[in-house]
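Participant: Sharing a sequence plus its predicted fold:
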Amino acid sequence: MQKPPFQLAASARALPGAPSPAAQACCGDSGHGPHAPGAAAQAGPERMRLAQLPGPYHCSIIGTCLGTGELARLMGRFIDVQGLDDLALHHEAVGLANEGGAVCKALGKALDQRHDAALRQFAKARDAAALAALWDEALHSGEVPGAYWAVLTHRHATQALRQKAFGDVHMLSHLVGAANRADIRRLVALERENQELRERLERQQQRAQEAAAEHASELGEMQRSLIGAHGQLSAAQAALQRAGGDGQGGDAQRHHAQADLVAVQTARRERAEQEAQTSHAEARQLREELEHLRRHVRVLGGELHAAETQLREAITDSEEGARPVAALEGQLRGRRILYVGGRPSSTPAIRSLVERHGGDFQRHDGGHEDRKGLLASAVSGAHLVVFPVDCVDHDSATNLKRLCTRLGITYLPIRNASVASFAAGISARPDEAGSGPAQCLRS
């Protein structure tokens, strides 16, 4: 973007009332933007350095390819970053990068180190067509930051390809906004679903209580009947013994009557025992269904709370500037998060969420386009592995859990690929995420 739709904040180095040099250098209309004739350097035998790229590219490179936490640590070596919000820090970095000095060199080195894997992948491209294909593939999978730095500095990058990449990254900001709007719609749907589940839970609890009372009454009646049957059976057996002891005192008709009574009482006892077992099984099933509903309501409640928190944060960001949520800040700052699977539509918003709270976001698609052989190396470098269970098949999820357990990496299965599920899972305490077996959250 060549001119931002907001008033740039004053630089921390600017005098009161004076225009900020960093702000003028960042995102401003310099008259020779990426679309201007001659803006892109010609392809050479080596990769281009950050200082060799036209100044207007610096804004999108620094904003897209470096996380705010990493940028703050790097800039702290050159300027006082205390009191600078993310926007002011970004302007300072772009302004100093345009000067082409030590800051520009340090930024380029940090970009090369952070995106080494993408640079090695893009180095295989032997012409502009192959380079464009790699860029389109990365754009589709959501792996934009490393690919953007790699394509802009590649020796085979043409001016047209750099302009295309610049425009694609600009449009991603609109996709993130669309994802936020989708989260708002999902928030409303979650509230409605949560209310319906609470009402269903209340009905199930009422049914379970009524069924338990009914079964208890039936069980008591069966037990009383069983006691009576035992008494009658004992009396019948005693009568038979007396009849046998009398020898010729009893007749055949009395013996048959006593035998019939024993058979009736035995059948009644067996039927009562079977009905008691059935009642116990039904009561146990109702209790299991009730507990399942309670767990589901708790999961939805956590997602609802996380979605509301992110919505409030998004509104606050747009009105007052970034204010990270404390729970997410504590779980994400300084940590590398590997996200396996997911959907391209929600991945940019999740990446933005992680980087806004000082984390380092990495993604692997689980093996659809990325090689599965790279998954082990990606997991070994992560602090936390997150995967949505609705986008990963059961075998892959089991293999991923086994790999994390073997490497001692904490993993977190979440219910689906939405930003709300991600935020709800991350907001939990680390020991609630788990580094061992975790239950399936598909329901």
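Facilitator: The structure has been received and is ready for your questions.
Participant: the strands in the stretch 301-443 of the chain, which residues?
Facilitator: Counting by DSSP state E, counting those that start in this stretch, the stretch 301-443 of the chain has strands at residues 336-340, 360-364, 384-388, 410-414.
Participant: Give the pairing partners of the first one; include direction for each.
Facilitator: Going back to what we said before, that points to strand 336-340. Sheet pairing of strand 336-340 (DSSP bridges) gives strand 360-364 (parallel), strand 384-388 (parallel).
Participant: between the ones you listed, which gets nearest to G83?
Facilitator: Among the strands paired with strand 336-340, strand 360-364 comes nearest to G83, with 24.1 Å by C-beta to C-beta. C-beta coordinates here come from the backbone N, C-alpha and C atoms, glycine included.
Participant: ok so, going back, right, so the strands paired with strand 336-340: which one is the most enclosed?
Facilitator: Mean neighbour count (mean count of other C-beta atoms under 10 Å) peaks for strand 384-388 among the strands paired with strand 336-340, with a mean of 25.
Participant: Not counting that strand itself, show me its contacts.
Facilitator: With contacts defined as C-beta atoms under 8 Å, 6 or more residues apart in numbering, strand 384-388 is touched by 335-342, 366, 379, 397, 400, 404, 409-417, 421-422, 425-426, 433.
Participant: re the thing from before, looking at the strands paired with strand 336-340, which is nearest to A216?
Facilitator: Of the strands paired with strand 336-340, nearest to A216 by C-beta to C-beta is strand 384-388, at 43.1 Å.
Participant: Report the angle between the closest one and strand 410-414.
Facilitator: Put simply, strand 384-388 runs at 20 degrees to strand 410-414, going by axes from the mean of the first three to the mean of the last three C-alpha atoms, to 10 degrees.
Participant: model confidence over strand 384-388, on average?
Facilitator: For strand 384-388, mean pLDDT is 93.
Participant: just how off-centre is it within its chain?
Facilitator: Remark: strand 384-388 is offset 6 Å from the chain centroid, using C-alpha atoms, centre = their mean, to the nearest Å.
Participant: hey, where'd the helices end up in the stretch 101-250 of the chain?
Facilitator: 102-114, 116-122, 128-141, 144-153, 159-245 (DSSP state H, counting those that start in this stretch).
Participant: Which of those helices has the highest mean neighbour count?
Facilitator: Most buried of these by mean neighbour count (mean count of other C-beta under 10 Å) is helix 144-153; its value is a mean of 25.
Participant: the inter-axis angle of it versus strand 360-364?
Facilitator: Between helix 144-153 and strand 360-364, the angle comes out at 90 degrees (the same axes, to 10 degrees).
Participant: okay, stretch 218-229 in PDB with CA atoms only?
Facilitator: Only the C-alpha atoms of stretch 218-229 are listed here, as PDB (Å, rounded to 0.1, in the frame of the first residue of the first chain):
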ATOM      1  CA  GLU A 218     -38.600 -49.900  40.300                       C
ATOM      2  CA  LEU A 219     -35.400 -51.400  41.800                       C
ATOM      3  CA  GLY A 220     -36.800 -51.100  45.400                       C
ATOM      4  CA  GLU A 221     -40.000 -52.900  44.200                       C
ATOM      5  CA  MET A 222     -38.000 -55.600  42.500                       C
ATOM      6  CA  GLN A 223     -35.900 -56.100  45.600                       C
ATOM      7  CA  ARG A 224     -39.000 -56.400  47.800                       C
ATOM      8  CA  SER A 225     -40.500 -58.800  45.200                       C
ATOM      9  CA  LEU A 226     -37.300 -60.800  45.100                       C
ATOM     10  CA  ILE A 227     -37.200 -61.000  49.000                       C
ATOM     11  CA  GLY A 228     -40.800 -62.300  48.900                       C
ATOM     12  CA  ALA A 229     -40.000 -64.800  46.200                       C
END
